[in-house]
Each structure stands twice: as C-alpha cells, then as structure tokens.
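> this is a predicted model, with the sequence first.
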Amino acid sequence: MGIAKTVEQLARLLDAEAEGDLHARISGAAQLETAGEADVSFVESERNADEALASRAGCLLAPAGLKLPDRTVIRVRNPRYAMAVVIESLYPRLTPKPEIHPTAQIGDGVVMGDGVGIGAYAVIGVGCRIGARTRIGEASVLGERSVVGEDCLLHPRVTLYAGSLVGARVILHSGSVIGSDGFGYTREAGKYHKFPQIGTVELGDDVEIGANTTIDRGALGPTRVGRGTKIDNLVQIAHNVQIGENCVIASQVGISGSVVIGDNVVIAGQVGIGDHARIESGVVLGGQCGILPHKVAKAGEPLWGTPARPLREHLKQQALLARMAKKRKD
Amino acid sequence: MGIAKTVEQLARLLDAEAEGDLHARISGAAQLETAGEADVSFVESERNADEALASRAGCLLAPAGLKLPDRTVIRVRNPRYAMAVVIESLYPRLTPKPEIHPTAQIGDGVVMGDGVGIGAYAVIGVGCRIGARTRIGEASVLGERSVVGEDCLLHPRVTLYAGSLVGARVILHSGSVIGSDGFGYTREAGKYHKFPQIGTVELGDDVEIGANTTIDRGALGPTRVGRGTKIDNLVQIAHNVQIGENCVIASQVGISGSVVIGDNVVIAGQVGIGDHARIESGVVLGGQCGILPHKVAKAGEPLWGTPARPLREHLKQQALLARMAKKRKD
Amino acid sequence: MGIAKTVEQLARLLDAEAEGDLHARISGAAQLETAGEADVSFVESERNADEALASRAGCLLAPAGLKLPDRTVIRVRNPRYAMAVVIESLYPRLTPKPEIHPTAQIGDGVVMGDGVGIGAYAVIGVGCRIGARTRIGEASVLGERSVVGEDCLLHPRVTLYAGSLVGARVILHSGSVIGSDGFGYTREAGKYHKFPQIGTVELGDDVEIGANTTIDRGALGPTRVGRGTKIDNLVQIAHNVQIGENCVIASQVGISGSVVIGDNVVIAGQVGIGDHARIESGVVLGGQCGILPHKVAKAGEPLWGTPARPLREHLKQQALLARMAKKRKD
C-alpha cells in the first residue's frame, strides 16, 4: 500500500489538468486490468482506450484528446512518464538509515562521503572512494582503489574488481561483476597464454546494470559505458568496448571486444556483436540478430537476422523462401 | 560410495520383479559404459539394448520384454525414474544438522519454522519468514519481508530481493537472483527514466532454479513461476512473466516482459521470447528459436528458427535453399 | 604506471635484437593509437604498419622484416606474446601477502599448502584441500571435500559445490559456479522428478573460467574441462560434458549435456551445442551457430548458422536468397 493522495494532489505534482472527482483518494498504482478504485493507472494511446474504459482504476493518466467519458482523468503529455512520477510519490523508497554495518570490512585509506551505507559482510578494498549517500549492498566486494560516485545503489552481492570507476546515481544489481579480466590470450608453442588485462572500466552517471551482468576491464585502455545507458540482466560486455550515452541494451546481449557503440542505440535481447564492429548512433538491433566482426551498422531501419540486414529485407527473404517451399510441396 | 543393498532389496523398494542374482550387492550407480559389478544402471528401450548387454553393471533396471539374457535385471515401467529412486536410496543426501550459524545475520521480526538451517554469513532481512526444515546457503542474502516455504534448499550465494515469495520444496542454485528490478524505463526529454518496479515475484512449490538465473519482479503486478516448473542455469525471466506448471526451461533462455506461458511447456536452450508473446500449454520450442513479440505459439509440432515456425516447415525451407545453392554452383 | 626499464633490458628479457634508442626508458604499455613516448606497443603484421608508424610509442615490438624506419624496435617472432611478457614485467602482479583473513570460516579437516591466502568472509567446507600459494577470494564458498590445486586464483564470490576438483594454476572469476546440479529430471505421473546429480566436476591445470559462468557436475560420472582450456563469461556447461585441452570458448556459449569436445576447438560467442553432439579436435564454430543434438562436427572450414554448415556454404545460401528476393522486388 502506498501513501494516499487526492487526484488534485497528483495533478498538482504533475503540473497537469484533472477531470472528474478531484477529491478521490488514490493510494496505489496498478495496470489497467487489475486496478481498483483506490488505484491510479495509465493509458498511452487510442489503442488501449477500450481497456482503459473497462478498467476500475479510480484515476487514469491519459493524453489530451483521448475520450474517457465519466472517468477521473489527469491529462498529461507522456502518461508512462507521469505514471513513473506518481508511483515514486505514492511508494517513496524506503531508504534505510545510512548505517555502516559493524561486520563490513573497510580497508585502509578508504574515503567515504556523508551518509554512506554499507551492508553486512561487504568488503571495501584498500584505497576505495565512495561518494555521499551511496549504498553498498550486503556481501558486495569492492576491489582496491575502486571509485563509486554519489547516490549510487549497489544491491547485495556485487563485485567490482580493483580500480573500477563508477559514476554518480549508478544502480548495480545483484550478482553483477564489473572489471573482470577480458578474454585475451596469445597462442605460443601450442598453448594459450594470458594476455595481461591491465585496463580499467568506467561507468558513466545514471547507468543501470542488471543482475548477473558482466563487464570486463580493458586489456590496455578502458572499457566504457556512457552516461544514462541502461543494461539488462545477463549481458556480456567484453574488454575495450565503448558504449555511448542513453543506450538501452536488453538481456543476454553479448558485445565482443573493442566494439564501439554510439548514443541512443537500442539493442534487443540475445543480440551478438562481433569484435571491432561499430554500431552508429540511433541504430536499432532486433532480437537475436548477429553483427559480424568489423562491420559498421548504420542508423535507419531496425536490423535483423544473422548476418544482420534491414528488417524488411530480412522478412521478405523469409517470406519468399517459405512460399517457394510451400509451392514445391504442392 | 553408496550404502550397499541387495538386488532383492532394491526390487522391493521399487515394488518390482527381479531376475538373476537376487543376492548380488549393489553399492553404486553408474552409466552403462562405466558401471562395474557393484553398480546398478538402467536401460530405457531396445535402442540401448546392445550397450546394456555390453555393460558390466551388476544390476540393470529395464522395461518388461527387453531381452537381457543371463543378466540380473529389475523390471520396471519407467527405468529412468526407477534409477532416480534407487540413487536416492543408495546415496542418501547428507543433510547437515540444521544449525543457524553464529555469523548469520537475522533481522528483526524474522519468523522461522522448526529445523531451519542457515549458513555462515547469510543475511536474513527484517520480517522474513522461513518455513520448517528449509536450508539457506552460505553468503545468501534475503531481502526484507521475503517468504520462503518449507523444505526448501537455497544453495550458497543466492539473492532474494525484498518481498520475494517462494513456495515449498523449492531449490535455488548458487548465484541465482530472484526479484531484481524489471528492465523498465520511460523516455522523457531525451533520457531514460526508471519506471519504478514495485511488483513481486512468486515461485510455486517444487520449482527449481538454476545457477546464476535471474528472475525480475513485476513492474506493478507479480512475476510468477508455476508449481513444478524447472528452470536451468543462466535463464532470464523478465518482469510480469507468467509461467505455468510443470514446464522445463533449458539454459540461457530469455523470456521478455509480460510473456504468458501455459503448463507443460518445454523450451530448449537459448530460445528467445519477445514481450507479450503467449506460449500455450504443451508447446515445444526448439533450441535457439525466436518467438516474436505479441505472437501466440500453439501446441502441435515443435517450433524452430527465428521467427519460429513448425520444425518440418523450417527444415524443408533450409533443405530447399541448400539444394538451390548447390545447383547454382554446379 | 609500471616499473621503468630500458629498451635494452626489455630486449634481453625477450632474448631479442633491438634497433634504435636502446637507452630509452619504458614504463608503460599501451595500444598503438594511445601509446606515448614512455610506452611500449606492438604490431603484428604489415596490415598495421601505418598505424605503427603513426604511433608515438617509445618502443615497438615487431616481427623481423617489417619496415619501421627511425623507430625504436625490438624484433620478435610473436609480437603479441612478447607484449604479454613485457607487460608482466612492467606491471608485476600485486600479490597480497598470503593472509588467511580472521573472518574466513575454515571447516574441520581442511588441509592447506604453504602460502595460501583466503579472503574475508570466505567459507571453506569440511575436508577441503587447497594447494600451496592458492588465493581464495572474499565471500567465496567451497563446498565440503573440494580440492583446489597449487597457484590458483579464485576471485571474490566464487562457488564450488561439494567435491569439485580443480587443477593447478586455475583462475576462476567472480560469480562463477562450479559443480551445480545438472538439469536432469524424469517425468512420472505428470510431474518432473529430480534425477539425482551425484557426479563430479574436474577442471584441468591452467584452465580459466569467466565471470558468472556455470559448470554443472555430472549426473553420474564427471563433467571435465581439459588442461589449458579458456572459458569466457556467462558460459553454460551442462552435466557430463567432456571438453579437451587448449580450447577457447567465448562468452554466452551453451553446451548441453554429454557433449564431447576435442582439443584445440574454438567456439565463438553465443554458440549452442545440443546434447550428445561431438565436436572433433580443431573444429571452429562461428558466432551464434547451433549444433543439433547427436551431431558430429568435423574439422575443416569454420561452421556457421543453425543448423551449422560450412561457412562458405552458409554464405552462398544467404547470398542466393538475398538475390532472389531483390530480383522479385525489381
């Protein structure tokens, strides 16, 4: 249960106009189909209008012009964003008091800002720096000389290898591993020898990294994830990869060594990108597609298939093949 | 080494008929090719009859009618299942005495049933409930208000985020993360803003979750895994996914947000399922196949390829293309 | 910053001839494009000669015959390997003094060689054996009776299930899980029953295992990874898999149960191998390809696509289809 607010209060929070029962009390947030009288919900376009009309939600966040007769509605430009803002206000995050648990191991020379919280059995290596109000989860391990910015949230059981650099307001989910050795070997006399991985990892501000995702340090230079980029669970980012700002990378994507990715790139689940490929700003890669090593992917239509090609081309080829096979059978 | 039993004792355990040397002593279990005199092994059908005849196993579990002259055989309807039962009796699980390790951190208001075991350096959050005889592995972290049923086994280094709900007799393997935030953002003013993930996760009774698998909490409602469903290592289950009962989901499968999966579904390794797809009960998805967002997969032939189509159709298309390419070359 | 050495000293270390300024002092290692005067870099062939000439590196490791006029060069047969050797000498690994942290939990009957280091909050189960000079990272958990050889490095947050066997000089990265239960069930009366997984895992000498990779124990016999094999992050190796020596397995590869892999096999990212397949020595599997269950892959051309076929064949088929689709459109 959230904190109850009136529709009027929510409208004011969103700086928006409301229609209907401005005094209705809203204490929860739910999807259209499960919402009840005390819940707010949202509808993004005409496409979901029927669902919205059938919903029992006590308050709807909807764009101007969408007809919702006899309903209590707050009119907003971006209903999904407005919903996020409303949820934040109804369910304020329970930030535990910033305690440094007595079992946390703090190495020599660690520098911490005000209001840092560190969970039980966390281990902070020699010379780490942790920004103000950052919280380090239970059983996390920060290698020596790691730097974590202000207002970060490291969930339990995160590893930073030595020397990892993390910006401000970064969220790292449980099981993520940042700064592990890149997969680099050199073959000599019939055996693989480890190529030393002495580079670093840099995560920009406002980055989020999913559960059990792995980001390797560079072999010589840095591996970089740009400001505002969001990465899902179980993603692999290899050594020396450079990712731009405000990208979205879905689960189980694999990015090979030295790949360069621009800004505002969207990568769907299970995509694989070969080493040294370049993905230009604004590119959209469809689920499971494969980019060959050293290729350049340019913005335009979404890319699909392996090797990746424009979506329509890919679908046409698939359709042609299906038709031919069917004809042959007949 | 297991505990020695006679063939007669094993037959009684299985409520089955035995042939051959009923007094032979069996103390181990092995595959046909590596089994020795003191081992039991199993053969499922005529297909492996030669292998069975060549095996040195002291006792074979086999279906009625399968000819194994001069061998000691216990006749059973389901040899694989019988083998599982026999192994359980020869190698009883070493359940450590249910100790709560003195280093375990137990939050305020935690309620535990009888015989709970908690490993070293585990952290149990405020208000958690743990059912009788459940064992929590070393260095596991249970977020506040998590609920774990009776007779569960959490291996070392498992994370439950706050409020996760786990049924009875559930097994969670090491590194699994249950209840992490869904990958939900809303774009506003050129940046991605986190859509609060305030839903839950519910795992039914008899579920097993593999090592390093991740299951996100719902954005608003629950993410659900039905009773008896078995999930392998490194699988990703996104927010609001609903999985039915007695499904089998192999390694590295990725299931996107709001996918609905029926009962008795079988999903092979590395399959990807797009958001809002519906996989009906009894569907079989072949390895690496891709289900497009919003698609409905119906039971029948196994599905294959990306986009997924019936196996025979897919193979026909592949064969036609290969023939055409070959012809062209000639 | 590394330790400064003269070009002459580096040449002597490599047992190689040097040209140019033998007294130049080198204190770092970098890629050609970012190297400065005090850095060593390397160039492998004519292909990168221009880049090498443009580089500001104070010393280049290059093969004999490659023209690099007016540059300081050390002539070596395998520049990449030489670079690895030079980096090791410039950046000696900071091996912490081999401390057994007072918070480490050491079970009864644990046997350790000289100079073993164990990090904070690690848990070493009853009867484990740890070889000389091996380091166990923070918050790692070794199940009872595990054996780890000499000179191993287990990074923080590694799990070995009970009875795992690890050779000498093995590196296990953070989050890796060794010896988890195989994904084995037997269906009886409409439900899946766990097939007991009582086998083991054996990792040979000089193996490296990436972050969050999972290797299941055998159902009955062992799962084996041969000496010198290198495995990247987020790889899945199922029960009873047998992998040979000196293989390279890239990120997110999935290897199903009972697969047999020879020596010197190279497997690119996201490849899936079906159960009981056999991959012969020297095979190269291209990114994302799929090997069907029970198939035999023979050495020769790299294999590609799903189902996998020789690379040239696969590309020809793709090209033909693209041409036909284009023609039809025109």
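Cool, got the structure. Numbering: from 1, shown residues only, chains lettered A, B, ... in the order given.
> which ones are touching the residue nearest to A:Val76 when sequence neighbours are not counted?
Once flanking residues are discounted, A:Val76 sits nearest to A:Ala82: 4.0 Å by C-beta to C-beta, 6 or more residues apart in numbering or on different chains. For the C-beta atoms, the positions are set from N, CA and C on the backbone; glycine is no exception. Going by C-beta atoms under 8 Å, 6 or more residues apart in numbering or on different chains, A:Ala82 touches A:Leu14, A:Ala16, A:Phe42, A:Leu61, A:Ile74, A:Val76.
> redo those as a markdown table? Include neighbour count and pLDDT.
Putting the contacts of A:Ala82 into a markdown table (neighbours: other C-beta atoms under 10 Å in any protein chain shown; pLDDT from 0 to 100) gives the following:
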| residue | neighbour count | pLDDT |
| --- | --- | --- |
| A:Leu14 | 22 | 97 |
| A:Ala16 | 16 | 97 |
| A:Phe42 | 27 | 97 |
| A:Leu61 | 29 | 98 |
| A:Ile74 | 26 | 98 |
| A:Val76 | 22 | 98 |
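> and of these, the nearest to A:Ala319?
The closest of the contacts of A:Ala82 to A:Ala319 turns out to be A:Phe42 (C-beta to C-beta; 36.4 Å).
> any idea how far A:Gly210 is from that closest one?
24 Å (C-beta to C-beta, to the nearest Å).
> next: A:Gly36.
For A:Gly36, the distance to A:Gly210 - C-beta to C-beta - is 31 Å.
> and those two? Which one has more around it.
A:Gly210 (29 against 12; other C-beta atoms under 10 Å in any protein chain shown).
> hmm, A:Ser176 and the more buried one touching each other?
Yes - the pair A:Gly210 / A:Ser176 is scored as a contact, 6.9 Å apart, by C-beta atoms under 8 Å.
> which phi and psi values does the residue nearest to A:Val76 adopt?
Backbone geometry at A:Ala82, expressed as degrees, to the nearest 10, gives phi -60, psi -40.
> next: A:Thr6.
Torsion angles, degrees, to the nearest 10, at A:Thr6: phi -80, psi 160.
> my read is that it contacts A:Gly20, right?
No - when contacts are counted by C-beta under 8 Å, A:Thr6 is not listed as touching A:Gly20 (11.7 Å).
> common neighbours of the two, please.
Common neighbours of A:Thr6 and A:Gly20 (C-beta under 8 Å, 6+ apart) do not exist.
> does the residue most central in space within chain A have beta-bridge partners, and which?
Central residue of chain A (C-alpha atoms, centre = their mean): A:Lys230, 2.8 Å from the mean position. Beta-bridge pairing for A:Lys230 (DSSP bridges): A:Glu208, A:Val248.
> residue contacts, it?
By C-beta under 8 Å, 6+ apart, the neighbours of A:Lys230 are A:Val207, A:Glu208, A:Cys247, A:Val248, A:Ile249, B:Phe183, B:Tyr185, B:Tyr192.
> try 6 Å
A:Glu208, A:Val248, B:Tyr185, B:Tyr192 (C-beta atoms under 6 Å, 6 or more residues apart in numbering or on different chains).
> which residue, other than its chain neighbours, is closest to the last one?
The shortest distance from B:Tyr192 to any residue that is not its chain neighbour, by C-beta to C-beta, 6+ apart, is 3.9 Å, and that residue is B:Tyr185.
> list the backbone torsions phi and psi for that neighbour.
Dihedral angles for B:Tyr185 - degrees, to the nearest 10 - are phi -140, psi 160.
> what is the neighbour count of it?
By other C-beta under 10 Å, neighbour count at B:Tyr185 equals 19.
> would you point out the most distant pair within the contacts of A:Ala82?
Taking C-beta to C-beta, no two of these sit farther apart than A:Ala16 and A:Phe42, at 12.2 Å.
> how about the residues of chain A by chain B?
A:30-31, A:34, A:78, A:80-81, A:84, A:87-88, A:91, A:120-121, A:138-139, A:156-157, A:173-175, A:211-212, A:228, A:230, A:232-234, A:246, A:251-252, A:269-270, A:287-288, A:321, A:325 (C-beta under 6 Å from any C-beta of the partner chain).
> turn the buried ones among these into a named PyMOL selection, would you?
Here is the PyMOL command that selects only those of the residues of chain A next to chain B that count as buried (16 or more other C-beta atoms under 10 Å in any protein chain shown):
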select buried, chain A and resi 30+31+78+80+81+84+87+88+91+120+121+138+139+156+157+173+174+175+211+212+228+230+232+233+234+246+251+252+269+270+287+288+321+325
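> the residues of chain A next to chain B in strands, which ones?
A:Lys230 (DSSP state E).
> how far does stretch A:57-73 sit from the chain's center?
30 Å (C-alpha atoms, centre = their mean, to the nearest Å).
> what's in contact with it?
Contacts of stretch A:57-73 (C-beta under 6 Å, 6+ apart): A:7, A:19-21, A:24, A:26, A:35, A:37-43, A:52, A:74-76, A:79, A:82-83.
> take the residues you listed and keep only those in helices.
Counting by DSSP state H, the part of the contacts of stretch A:57-73 found in helices is A:Val7, A:Ala52, A:Pro79, A:Ala82, A:Met83.
> which two in the residues you listed are spaced the farthest apart?
A:Val7 and A:Ala52 (15.7 Å).
> neighbour count: those two, which is higher?
More neighbours surround A:Ala52 than the other of A:Val7 and A:Ala52, with 26 against 23 (other C-beta under 10 Å).
> I figured the more buried one hits A:Ser45, correct?
No - A:Ala52 lies out of contact with A:Ser45 (C-beta atoms under 6 Å); the separation is 9.9 Å.
> any idea how far the residue nearest to B:Tyr192 is from B:His239?
The value you get for B:Tyr185 to B:His239, if C-beta to C-beta is used, is 12 Å.
> kindly reformat the contacts of A:Ala82 as a markdown table containing distance to B:Pro293.
Listed next are these as a markdown table, based on distance: C-beta to C-beta, whole Å:
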| residue | distance to B:Pro293 |
| --- | --- |
| A:Leu14 | 30 |
| A:Ala16 | 31 |
| A:Phe42 | 20 |
| A:Leu61 | 24 |
| A:Ile74 | 29 |
| A:Val76 | 26 |
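> ok, these vs chain C, which is closest?
Using C-beta to the nearest C-beta, A:Phe42 comes nearest to chain C of the contacts of A:Ala82, at 35.2 Å.
> isn't that closest one right next to A:Tyr81, touching?
No - between A:Phe42 and A:Tyr81 there is no contact under C-beta under 6 Å: 9.4 Å.
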